[in-house]
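Chemist: sharing a sequence plus its predicted fold:
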Amino acid sequence: MGVTIENLVTSGTFSLDGGTWDVDNNVWIVGNDAECVIIDSPHDAAAIINQVKGRTVKAILLTHAHNDHIGAAREVAEAVGAPIILNREDLVLWEQEYPDAKPDQYHEDGDEFEVGGAVLKAIHTPGHSPGSTCFYLESEGTVFTGDTLFNGGPGATGRSYSDYPTILTSIRERLLTLPAETVVRTGHGDNTTIAAEQETLAKIAE
């Protein structure tokens, strides 16, 4: 039996470069009845803590460190006793939210995280932010893409520490090479597939 994948949507704000926007964020919980990992911890710590329902949380894996993805991370981590794990290249963003504390650990491209007999593999996909990372769950045919790849194309790159050519390269070289039927589970909005986004990206000029 494969692991389960649960989706929780939390609502709050995203702030960067002096602007603030209302956003709904996807939280992904991957595991089984005994243990799980949490992918991103935005806005609402109580809702996330309630969703894991007393399971052992092996890690809080962060796709990147924009405040709308990490705002509840420390409160959740303290409540469930799990390490916060972030790509080191996003520390500049992390420190805007948490200037007095570092993540517990750092993940790098190719790192693997076992949960419930399945393995999540980190794929470093810079562009939306320097440390943006996706997590590939090959056994379940799915990838968690944070804000790197959405239903309809690349994540935003119009703000500090982001770069449009870089995100296109990341998507084309690191994500669109996954099996076409792979389900893409995003940081905001609806799921898509690698096949659908191959078509989308084919229409986008460099």
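Modeler: Sure, I can see it.

Chemist: my read is that residue 81 contacts residue 57, right?
Modeler: Yes. At 7.1 Å, residue 81 counts as touching residue 57 under the criterion of C-beta atoms under 8 Å. (Glycine included, C-beta is placed from N, CA and C.)

Chemist: now residue 14. Nearest residue, chain neighbours left out?
Modeler: residue 68 (3.8 Å; C-beta to C-beta, 6 or more residues apart in numbering).

Chemist: which SSE is that neighbour in?
Modeler: If you go by DSSP states H and E, residue 68 is part of helix 67-70.

Chemist: where in this structure is pLDDT low?
Modeler: Low-confidence segments of the chain (pLDDT under 70): 1, 205-206.

Chemist: who's in contact with the residue nearest to residue 14?
Modeler: If you count contacts by C-beta atoms under 8 Å, 6 or more residues apart in numbering, residue 68 has them with 12, 13, 14, 15, 23, 25, 42, 43.

Chemist: go ahead and confirm the fifth one touches residue 189.
Modeler: The one in question is residue 23. No. With contact defined as C-beta under 8 Å, residue 23 does not reach residue 189; the gap is 10.2 Å.

Chemist: out of those two, which sits in the busier spot?
Modeler: residue 23 (18 against 13; other C-beta atoms under 10 Å).

Chemist: quick one, what contacts that one?
Modeler: Taking C-beta under 8 Å, 6+ apart, one finds 11, 12, 13, 14, 68, 188 in contact with residue 23.

Chemist: so which of the residues you listed belong to helices?
Modeler: Applying DSSP state H to the contacts of residue 23, the entries found in helices are residue 68.

Chemist: pick out the most distant pair among the contacts of residue 23.
Modeler: Farthest-apart pair in the contacts of residue 23 is 13 and 188; separation 12.9 Å (C-beta to C-beta).

Chemist: out of these two, which sits in the busier spot?
Modeler: Neighbour tally, residue 13 and residue 188, criterion other C-beta under 10 Å: the higher count belongs to residue 188, 18 against 14.

Chemist: my guess is that one contacts residue 22. True?
Modeler: No. With contact defined as C-beta under 8 Å, residue 188 does not count as touching residue 22 (11.4 Å).
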